[in-house]
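>>> Turn this into a structure:
(chains A and B)
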Amino acid sequence: MYSFDIERPTSVADAVAALADEDAQALGGGQTLIPTLKQRLAMPSKLVSLSGISEMKGISQAGDSLTIGGGSTHGAVAAGAGAYPALAALAGGIGDPAVRNRGTIGGSLANNDPSACYPAAALGSGATIVTNAREIAADDYFQGMFTTALDEGEIVTAVTFPIPEKAAYVKFEQPASRFALVGVFVAKFADGVRVAVTGASEEGVFRWTEAEAALSADFSADALAGLSLSGDGMIGDLHGTGAYRAHLVAVMTKRAVAAAG
Amino acid sequence: MTKVTMTVNGKSVSGDVAGNRLLVEFLREDLRMTGTHVGCDTSQCGACVVHVNGEAVKSCTMFAAEADGADVATIEGQAAADGTLNTIQQAFQDYHGLQCGFCTPGMVMSAAALLKDNPKPTEAEVRDYLEGNICRCTGYHNIVRAIMAASGQDVPAVAAE
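Next comes the predicted model:
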């Protein structure tokens, strides 16, 4: 690693102030950023650790929505988001137990890895990303691989999920990294179905609108018969071609619908 | 440099650390507590698992500064002061849950975290919990058997899977 200073503010306001310095970078749970730093792929002058900010932790339910603090770990969400079982299950399937005790939902969404699980949950649920400055709809938030609507120094302080009638997340794990080779989040609301896909597209997480229309009319795996995606623009690597990933999207979507019941 | 103070195995320790000092480096190189191992240094293998405020974490993927004020438990604190092994360690010995022993500190600390939250896990739950701990010697069967024994449950003669 290159050398850098580290600060541990205890409030969002102090963290925002610390991030105003040039080349300062926020540190969530560090489960992606620290390996990146070890490979010298990032060179911040200062890391601002968000792990000591208690106002960014915790899970609360208000009516039909669940709000999760941006500093909540995957383990905390897996244990505490029982009001939204598909979300709790997704969090409990990220990484391994020790990773889940450090990695955070805010960090995952700020990074927007094209194979991460949480972006599928946020986009598939139509969640609202709450920052220190504003609220951003998930449909506007994800802007391509590792790219989000966040400005420099902006912190994801919370995420609010509308709780659907039914939902499920199913991923096909890349066997070495256990990241999603393809993951599909399906959520059925009173006014329609949302389908979000991670791991597949070169543009990062996306909504499969044709599947949403078919499932909104008939929420069953059979409703997806005949629907397919093109392999163009899909990630192709040694683990699978774009066409293979496109095929997996349809298969995982059917499995997610079946799992949602 | 940042001054950090934390409790390690019940003792208060402090030191001045650079921002990029990893927790495992602080433990091994500054405190000279070399029981916690570094296998992969990429948060895959779990040889570096310690407990921070009661939760298992990979100490190669956390900065020492982030543990300021924390309660840290390492493998050195598992046995009694006179060297008597704790239940999990004794079960690893009884069931031959280690061969070269390199992964064992992390395995024991992960097992301790599992049994704290889930005192009577199923074999499948043990295997699932150990997803982030890699052993290149045993094939895992005897590790799983040791953890089942440490939980006071029947030990399968030949582990499934």
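>>> and the residue in chain A that chain B sits nearest to, what is it in contact with?
Taking CB to the nearest CB as the measure, chain A has A:D96 as its residue closest to chain B, at 2.7 Å. Where you see a C-beta, it was placed from the backbone N, CA and C, and this is true even at glycine. Listed by CB atoms under 8 Å, 6 or more residues apart in numbering or on different chains, the contact set of A:D96 reads A:R178, B:G46, B:E131, B:G132, B:N133.
>>> hang on, the second one packs against A:V99?
Same thing as B:G46. No. Assessed by CB atoms under 8 Å, B:G46 is found out of contact with A:V99, at 9.6 Å.
>>> Can you pull the residues that touch both of the two?
B:K58, B:G132.
>>> Make a ChimeraX selection of the buried ones in the contacts of A:D96.
Of the contacts of A:D96, the buried ones go into a single ChimeraX selection, burial set by 16 or more other CB atoms under 10 Å in any protein chain shown:
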select /A:178 /B:46,132,133
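>>> Quick one, grab the pLDDT at the residue of chain A closest to chain B.
Per-residue pLDDT puts A:D96 at 96.
>>> In space, what's closest to the residue minimising distance to the centre of chain B - neighbours in sequence excluded?
Geometric centre of chain B, nearest residue: B:M109, 2.5 Å, by CA atoms, centre = their mean. Spatial nearest neighbour of B:M109, chain neighbours left out: B:V49 (4.4 Å); criterion: CB to CB, 6 or more residues apart in numbering or on different chains.
>>> what about that neighbour, how many neighbours?
Counted with other CB atoms under 10 Å in any protein chain shown, residues neighbouring B:V49 total 32.
>>> A strand includes the residue nearest to the centre of chain B, no?
No. B:M109: not assigned to a strand; according to DSSP: H, G, I helix; E, B strand; the rest coil it is helix.
>>> And the pLDDT at the residue of chain B found nearest chain A?
For chain B, the residue closest to chain A is B:G132, as judged by CB to the nearest CB, at 2.7 Å. What the model reports as pLDDT for B:G132 is 96.
>>> cool, and B:A157?
pLDDT, B:A157: 75.
>>> Then A:S177?
We have a pLDDT of 83 for A:S177.
>>> Give me the neighbour count for it.
12.
>>> and the helix or strand harbouring A:H247, how far out from the chain's middle?
Here A:H247 is covered by helix A:242-260, with elements defined by DSSP states H and E. From the chain centre to the centre of helix A:242-260 is a distance of 18 Å (CA atoms, centre = their mean, to the nearest Å).
>>> Dump it to PDB, restricted to CA.
Output of helix A:242-260 as PDB, limited to C-alpha atoms (Å, rounded to 0.1, in the frame of the first residue of the first chain):
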ATOM      1  CA  GLY A 242     -21.700 -12.900 -22.900                       C
ATOM      2  CA  ALA A 243     -24.100 -15.400 -24.500                       C
ATOM      3  CA  TYR A 244     -23.800 -17.700 -21.600                       C
ATOM      4  CA  ARG A 245     -24.500 -14.900 -19.100                       C
ATOM      5  CA  ALA A 246     -27.500 -13.800 -21.200                       C
ATOM      6  CA  HIS A 247     -28.800 -17.400 -21.000                       C
ATOM      7  CA  LEU A 248     -28.100 -17.500 -17.200                       C
ATOM      8  CA  VAL A 249     -30.200 -14.300 -16.700                       C
ATOM      9  CA  ALA A 250     -33.300 -16.000 -18.000                       C
ATOM     10  CA  VAL A 251     -32.700 -19.100 -16.000                       C
ATOM     11  CA  MET A 252     -31.900 -17.200 -12.800                       C
ATOM     12  CA  THR A 253     -35.000 -15.000 -13.300                       C
ATOM     13  CA  LYS A 254     -37.200 -18.100 -13.500                       C
ATOM     14  CA  ARG A 255     -35.600 -19.500 -10.400                       C
ATOM     15  CA  ALA A 256     -36.100 -16.200  -8.500                       C
ATOM     16  CA  VAL A 257     -39.800 -16.100  -9.400                       C
ATOM     17  CA  ALA A 258     -40.200 -19.700  -8.300                       C
ATOM     18  CA  ALA A 259     -38.400 -18.900  -5.000                       C
ATOM     19  CA  ALA A 260     -40.500 -15.900  -4.400                       C
END
